[in-house]
Every structure is written in C-alpha cells, then in structure tokens.
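> Pasting the sequence and the predicted coordinates here, then a few questions.
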Amino acid sequence: MELTRTADLWWKTAVVYCLDVETFSDSNGDGHGDFRGLAQRIDYLDRLGVTCLWLMPFYPSPDRDDGYDITDFYGVDPRLGTLGDFVEFLRTARDRGIRVIADLVVNHTSDRHPWFQSARSSRESPYRDWYVWQDEPPPGADKGIVFPDKEKSIWTYDERAGQYYLHRFYKHQPDLNVANPAVRDEIARVMGFWLELGLSGFRVDGVPFLLETQGSPDAELLPDPHDYLADLRAFLSRRCGDAVLLGEVNLPYPDTMRFFGNAEGVGDELTMCFDFVGMQRMYLALARSDAGPLAAALRERPQPPRDGHWGTFVRNHDELTLDKLTESERKEVFDAFGPAPEMQLYGRGLRRRVPTMFGGDPRRIRLVYSLLYSLPGTPVLFYGEEIGMAEDLRAEGRLAVRTPMQWAPIRNGGFSTADPRQLPGPIPNGHYGPKQVNVSAQERDPDSLLSWIRRLIERYRECPELAWGRYTVLDTGVPSVLAHRCDIDGTVIALHNLADSDAEPRLSLDPGSVLTDLLHDEHTTVPDNGTVSLRLGPYGCRWLRLSQPAG
Ligand code: GLC
C-alpha cells in the first residue's frame, strides 16, 4: 500500500503514548515531574517509535482527582512548569515528528474553579447557568454514579447556592451545563487556545456525560447533543485541519458508534473512540486461553465511518474496567488476574498493570503487546508499559498504576532527586522496583521487553495494512488461536496462541503464495492443496506478510 496515504490520516497508523507530566521526569528536584523534564526525555520516546503523545491533565488543579479537577483551562499547573516550558516542550516534540494531544476535561470543573465559586454565590451570578442546578434532586439521583466508593448521589446540596448541583463524578467536580451557549463558546475557546499553541487535538474525557443534558433547565436549547459534538469537530477542523478528537466512550458498540457521527458515510464527530469492549473481551479470552471471546468481539465490532478509527489499549490510567462483561465473566477475569479484593476497584475493575496480572510470565506479557500492535485500531500505550512496570497497591485507588516512571536502578528510579516523601506516589519495591525494572538496563538489552515493544512498533509502522486493511477473523481449527488477516493492496496475517501449549493452526490460502514471517527470519510456501500448517509455541505469536511468488 502507498505510504503517502498514511500521512493525511495520520491517526490511523499512529503510535500513541499516554503520560502524566507529573510522574514522568522531574528536572528541578522538587518531587514533581515537569515539562522541562519531559522535554529531556523526548528522544527516548522518539526511539521507542512514539508518533503522538497524549498528555493527561496538566492544568492548575487542587489535585483531588489527579488533575481531572481543573481550576483554569488556560494555564499550566505551576508544579509542572510554565506556559513557556509547555511551548518549548511542544516544539521539541514536533521537531522529532511527535504530535501532542491533551486531555480535554470539560464535562466538569473543580468546585474551586472561579466560575463555580461565582455560580454558587448567587442566583444572579453570570456563571450561575454554567452549572446544572435543581431545587430537589430529580429521581434516579442514586443511579449512574461513576465512583460508588466515594459518592452516593450525582446531586449534592450546596449550602451557599441553596440548590442541588449535578456531578457525574466526584462531588468536588460540578458538571458544566453544555446546554448553555456561553459554556459551549467557552469550550471552543479553550480548544482554540491550545490548538494555537500547537496541539494536534484532544483526548475527550467522559464524552457521553459531557453530552448529557438531563436535569438541565436549558436542555431544550440543545436539540441534539450529537449536533453539538459535530459542531465541536467542525470548529476543530476549521482551526486545524489534521487535528483529532479521541473520545472516552465506554458503551456497547452500537451506542459508541453514534459518537463517530456519520454525515454521508464520513465521521463528523469523534475521530477515534477507544475500544473498551474489545479490551475487556481480550482479557476474558486470555483468562480462558480461548480466542473465542476476542474473535467474537472483532467480528461484532462495527466499521467506523470513513476517516474514523478505533483506539486500542490493554491498560490505561484508570481502573482496568470490566464493566461490559457479565457478572460471571467478570468473576473469571478477576479470578485469573486479580483475585484479592485490594486488587479490585469499584466492583468492576482491576488496579493492576499487565506484568503482575500475568504472574510476570514474559511469554504472556509479550503476547498481549503483540495483540495490541497487530489488532486493527490505533494502539495507545500507557507510560511504563513498555518496560513492564507494575502497580503499587499502597497507593490509593487508581493511583496504584500511576507511580513515577522508572528510568534507572537508582534512588527514586531516576525520576527525581527529591526526598522520596515529596514524590507524587510511592516507588514500587521488590521484584518490580526500579532496580529490576528500568529503562536504562532494558535499552541495552536486545531481549528486553522494551526491545520487543520497539520491534512490534517498527513492524506495525511497516505494515499499514493492519490499520487500513479490511480485517477478517480466520478459522484455524484451534480454539486457542486467534488469526486475523488485513487486506488492502497487500495482506498481513497475525496469529496468537492464547494457551500454554504448542499449537498447529491451519490456514486456507492460495497455493504457491508465500508467507514471510515479520518477527523471525522465516518463509513458508503454501502447498498445492491450499492448506498451510503453522507452528506456534505456548503463548506464541506470528506476524506474516502474504505475497504471491515472483514471476
Ligand atoms: C475520566 C478519566 C478519569 C477521571 C474522570 C473524571 O473517566 O479517565 O481518570 O477521573 O474522567 O474526570
């Protein structure tokens, strides 16, 4: 396939890497990661093959939800640096060909945001209607609570305001009223501001909640929330033609599809949606050593509109949610990958990272990342995954997977020279601590996980068919093996064995065609009867390019 096609729709073959500036690299020894520290690490990310960085919130914040509670949408948290540092970092990233997107968290603000402070002070405040108020909590206030360990309702009474306000998340995060045109204008202004500074788009936080207008007295002003999302996308595209919206939409496939928008076959809302369903079915498949649940998800997964794409991931910054599995399926995954109560969260997810979930088995860990980079969709890696960092269960809730980046086998893992008590989170000790798991050792070791991930990223970039092709799940006669092929001009086939035993999957292909192994130096010719048997070791994987014999 012609590579020039991949430049316009860059997101389809992007290598996305998510990080929190606060936990990545501290340049001034105050215990907090910062933009200067991150800028110094750009070449590491470039060598890894990253083409797009997703920055978690870096805006001023009281930090009661790790920065997802914002008090100023136009600034940089002083602990992380200045706006000047941000621009210098961005320029350095772009120089290496790395685009940067950032979290856009506009479903809510912090309750300390000046808008909310003004809104609650009087019914006459110009900001009163920027939030959603009611005299009595509407029915169903105890439904749909995102953080059930901390909240009992999505409506909380504010003494000063004399009314209840809506908050989908924590009570210190009042929801903005997007039905109010002034709020919509402000959200566009925020996006415009960061685009002007050079961002290539946004990861949009909690999209279904953002669009929700229930409980808002202005709801009738917003005829269809999806029109609003389409307006935002149009605004984004006018300001910056190749910018993207990558949305957090954790809903069943048919509902998620609506968020791509579909004006005459072309997506006009979110550019990408995370594939939460596929991720959960992958863990179920891995727990059962049976490719079935994942194969079914891939077969079921709708095709996004023309320019849209799925975003794939195996771990993100939140709990590893299993909310789309049935009760008994979720129990299977809990039993396999996080049986102890302290490993679980909100009754629906896990607060562990990949290596510990797989008991440190390098074969299984490598298999998971081979799936990530070969399954159709844009792979999104969460910082530290590439070296096999683990969680630290001493940290509270979701923070267990957000510990500082482990650069070297030295104090604080080389993240910071500060006193360990000043760091944003604990540094894991023992088997997964920086002495055993760190960048500097793995960079020099061709057999390290880091080297494996780099190799996968290289191959993934060499095989745009994986992203652009029409994919088909193949029948191999072996239940533990997932095989899929991607076709567009060329063909790439990937096979993954989810079981701890040898497998010999069979594929039906054109006689005489040649399979070139992209991870090992091997060729196989399809015999005359058109059935080729391939070997996979326990938890083995293979990526194969199919070509016709020369002549
Ligand atoms: C999203 C984020 C999560 C955050 C929440 C509230 O779900 O992924 O980390 O706590 O929104 O902003």
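Perfect, thanks for sending it.

> Next, Val368: secondary structure please.
With DSSP: H, G, I helix; E, B strand; the rest coil as the basis, Val368 sits in helix.

> now the nearest residue to it once chain neighbours are set aside: how far from Pro538?
Nearest residue to Val368 in three dimensions, chain neighbours excluded: Val314, at 5.4 Å (CB to CB, 6 or more residues apart in numbering). All C-beta spots, glycine's among them, are computed from the backbone N, C-alpha and C. With distances taken as CB to CB, to the nearest Å, Val314 is found 20 Å from Pro538.

> neighbour-wise, which of these two wins?
Under the neighbour definition other CB atoms under 10 Å, Val314 and Pro538 were set side by side, and Val314 has more, 23 against 17.

> gap between that one and the ligand?
In this view, Val314 and the ligand are 16 Å apart by CB to the nearest ligand atom, to the nearest Å.

> One more: Asn250?
Distance, Asn250 to the ligand, by CB to the nearest ligand atom: 8 Å.

> ok, now Phe35?
21 Å.

> any idea which helix or strand of the protein has the worst average confidence?
helix 5-8 (a mean of 90; mean pLDDT, DSSP states H and E).

> Which residues does that helix contact?
For helix 5-8, contacts defined as CB atoms under 8 Å, 6 or more residues apart in numbering pick out Lys12, Thr13, Asp242, Pro464, Ala467, Trp468.

> Dump those residues into JSON lines; add pLDDT and secondary structure as well.
As requested, the contacts of helix 5-8 are exported to JSON lines (pLDDT from 0 to 100; DSSP: H, G, I helix; E, B strand; the rest coil):
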{"residue": "Lys12", "pLDDT": "97", "secondary structure": "helix"}
{"residue": "Thr13", "pLDDT": "97", "secondary structure": "helix"}
{"residue": "Asp242", "pLDDT": "95", "secondary structure": "coil"}
{"residue": "Pro464", "pLDDT": "96", "secondary structure": "coil"}
{"residue": "Ala467", "pLDDT": "95", "secondary structure": "helix"}
{"residue": "Trp468", "pLDDT": "95", "secondary structure": "helix"}
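
> Pull out the buried members of those.
Applying a neighbour-count criterion of 16 or more other CB atoms under 10 Å, the buried members of the contacts of helix 5-8 are Lys12, Thr13, Pro464, Ala467, Trp468.

> now, which of the residues you listed sits nearest Ser216?
The closest of those to Ser216 turns out to be Lys12 (CB to CB; 35.8 Å).

> any idea how far the nearest residue to Phe73 once chain neighbours are set aside is from Leu298?
Take Phe73 and drop its neighbours on the chain: the residue closest to it by CB to CB, 6+ apart is Val190, 4.4 Å away. Distance, Val190 to Leu298, using CB to CB: 36 Å.

> In terms of neighbours, single out the busier of the two.
Set Val190 next to Leu298 and count neighbours by other CB under 10 Å: Leu298 wins out with 21 against 18.

> show me what contacts the more buried one?
Contacts of Leu298 by CB under 8 Å, 6+ apart are Gly278, Leu375, Pro376, Tyr471, Val473, His484.

> Specify the beta-bridge partners of the closest residue to the second one other than its chain neighbours.
Beyond its immediate neighbours in the sequence, the residue positioned closest to Leu375 (CB to CB, 6+ apart) is Thr312, lying 5.8 Å away. Each beta-bridge partner of Thr312 is listed here: Pro379, as defined by DSSP bridges.

> for the ligand, what are the nearby residues on the stretch 251-400 of the chain?
Residues of the stretch 251-400 of the chain lying near the ligand by CB under 6 Å from any ligand atom: His317, Asp318.

> re earlier: what's the closest of the contacts of helix 5-8 to Glu2?
Glu2 has its nearest neighbour among the contacts of helix 5-8 in Pro464, at 8.9 Å by CB to CB.

> Give me the distance between the closest one and the ligand.
Computed as CB to the nearest ligand atom, the Pro464 to the ligand distance reads 29 Å.

> Over to Ala287?
Ala287 sits 24 Å away from the ligand, going by CB to the nearest ligand atom.

> First-to-last residue distance for stretch 311-320?
Stretch 311-320 has an end-to-end distance of 15 Å (criterion: CA to CA, to the nearest Å).

> got a list of contacts for it?
The contact list for stretch 311-320 (CB under 8 Å, 6+ apart) reads 16, 18, 20, 56, 246, 272-275, 278-279, 282-283, 345-346, 348-354, 368-369, 371-372, 375-382, 385, 397-398, 401-402.

> hang on, Ser122 packs against Gly162?
No: counting by CB atoms under 8 Å, Ser122 does not reach Gly162; the two are 9.6 Å apart.

> tell me which element Leu450 falls in.
Using DSSP states H and E, the element containing Leu450 is helix 449-462.

> helices and strands around that helix, which ones?
For helix 449-462, the packing partners by 3 or more CB pairs under 8 Å, 6 or more residues apart in numbering; DSSP states H and E come out as helix 42-48, helix 362-374, helix 439-444.

> ok but the residue nearest to Phe73 is inside a helix, no?
Yes: under three-state DSSP, Val190 sits within a helix.
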